[in-house]
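Q: Starting from these lines, generate the structure:
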Amino acid sequence: MASPRPPADEPRFDPPPLRVTPPPYRGPVPAPSTVVAPPPVPPPVASVPAAADPVAAATPTPVVDAVATPPVDVEPAEREPLVRLQGVGHRFGTNDALRDLSFEVPDGRITVLLGPNGAGKSTLFALVTRLFGAQSGSIRIFGEELAARPGPALARLGVVFQQQTLDPDLSVQENLLYGAALHGMARAEARHRAARELERIGMAERAGDAVRSLSGGQRRRVEIARALLTRPALLLLDEPTVGLDAASRSFLLDHVRRLCREEGLAVLWATHLIDEVTEDARVVVLHAGQVRASGSLPGILEAAGGAPNLREAFARLTEERREGSAA
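A: Numbering: from 1, shown residues only. The predicted structure is shown next:
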């Protein structure tokens, strides 16, 4: 059955047409149609030769110095002494072993601490190596205050004491390796350095021999080799030639002087022997626990009233009678 049609006079309703708005365009912005032309480039100006330009010919061209600031002379800074003692004093009971001791040990040279037996040399070495603590004064090593920071101060020292400190039952090499182990050195590196030092002192063939089989001079050589294992900047030698024959003394002196000359090693050499002082050494004359004179050899002679030689100067500076023993 067909649906009824609406009457003819009834208004007809048509829905409005559907309009779809497209999404906004997000592509590149088109270039404007108007192109702005770059400004015109002026024509090049022809250069006029200097000879044809009367103004340029009459005006001199100024010369500009490339270095506007004048050079400044810079003087090298004064090097800090490796050891500086100021007002150091130490007593054993009522005995003044050291009294108001002040001197310096410079870099790269031999400083000879010259004094008779009992002058206080060994006591001074005990203070510098911290076997004893200084009761008064200041000791600075490599710029470090020894009392406040002994570790950094002593780390770059090599020491040979007056009394021998090798183990006689160990071999030469074992003594060196043991000393290196105390400094925390790796065993392979210690072996390498020990072989090198023994070669330099002419003891390589005795590396496996027991120390008790060596002569006094040979033992002292081994002690110096052990002190050099850590490659110190300063070597302390307390009466190193005591009890040695002339040949052994000569070898030690030549070896240490060569180290200073070739490797820049600084040395504090304590002795009572005049002939161990070289002309280029710095000398500190110690007597009765006091510094009587210090400086170069000419300075020591002048301090002794113009003495003709070091032997006479030493006699004049130490002629006063001592009161008690100091070392």
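Q: Surely residue 107 touches residue 82?
A: Yes - contact between residue 107 and residue 82 holds when scored by C-beta atoms under 8 Å: they sit 5.4 Å apart. (Each C-beta comes from the backbone N, C-alpha and C, glycine too.)
Q: now for the longest helix along the chain, which elements pack on it?
A: Assignment by DSSP state H gives helix 246-263 as the longest helix of the chain. Packing contacts for helix 246-263, counted by 3 or more C-beta pairs under 8 Å, 6 or more residues apart in numbering; DSSP states H and E, involve strand 110-114, helix 216-227, strand 234-238, strand 266-271.
Q: Could I get the ones you listed in TSV, plus columns for distance to residue 157, mean neighbour count and mean pLDDT?
A: Converted to TSV, those look like this (distance: least, C-beta to C-beta, whole Å; neighbours: other C-beta atoms under 10 Å; pLDDT from 0 to 100):
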stretch	distance to residue 157	mean neighbour count	mean pLDDT
strand 110-114	14	26	95
helix 216-227	9	22	94
strand 234-238	6	23	95
strand 266-271	10	23	95
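Q: ok, back up a step: residues of the longest helix of the chain that come out buried?
A: Within helix 246-263, the residues scored as buried using 16 or more other C-beta atoms under 10 Å are 248, 249, 251, 252, 253, 255, 256, 257, 259, 260.
Q: ok, and what's touching it?
A: The contact list for helix 246-263 (C-beta atoms under 8 Å, 6 or more residues apart in numbering) reads 108-110, 200-201, 215-218, 220-221, 224, 228, 235, 237, 240-241, 244, 265-267, 269, 276, 278.
Q: again, only using 6 Å
A: 110, 217, 240, 241, 265, 267 (C-beta atoms under 6 Å, 6 or more residues apart in numbering).
Q: now it against strand 234-238, angle please.
A: If you take axes from the mean of the first three to the mean of the last three C-alpha atoms, to 10 degrees, helix 246-263 sits at 160 degrees to strand 234-238.
Q: Could you report the distance from the spatially closest residue to residue 83 that is not a sequence neighbour to residue 195?
A: Counting by C-beta to C-beta, 6 or more residues apart in numbering, residue 105 is the residue found nearest to residue 83 once chain neighbours are left out, at 3.8 Å. To residue 195, residue 105 is 30 Å away according to C-beta to C-beta, to the nearest Å.
Q: Which one of these two is surrounded by more residues?
A: Neighbour totals were compared for residue 105 and residue 195, and residue 105 leads with 22 against 14 (other C-beta atoms under 10 Å).
Q: tell me the contacts of that one?
A: Contact analysis of residue 105 by C-beta under 6 Å, 6+ apart lists 81, 82, 83, 111, 268.
Q: re earlier: need the overlap of contacts for residue 107 and residue 82.
A: Residues touching both residue 107 and residue 82 (C-beta under 6 Å, 6+ apart) are residue 266.
Q: who has more neighbours, those two?
A: residue 82 (22 against 15).
Q: and residue 318, how far is that from residue 138?
A: Using C-beta to C-beta, we find residue 318 at a distance of 26 Å from residue 138.
Q: Who has more neighbours out of the two?
A: A count of neighbours by other C-beta under 10 Å puts residue 318 above the other of residue 318 and residue 138, at 19 against 15.
Q: got a list of what that one touches?
A: Residue 318 touches 116, 287, counting by C-beta under 6 Å, 6+ apart.
Q: do that again at 7 Å, thanks
A: 116, 287, 292 (C-beta atoms under 7 Å, 6 or more residues apart in numbering).
Q: Is it possible to get JSON lines of those residues that adds distance to residue 182?
A: JSON lines is the format used below for the contacts of residue 318 (distance: C-beta to C-beta, whole Å):
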{"residue": "116", "distance to residue 182": "34"}
{"residue": "287", "distance to residue 182": "35"}
{"residue": "292", "distance to residue 182": "37"}
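Q: Out of those, list just those in strands.
A: 287, 292 (DSSP state E).
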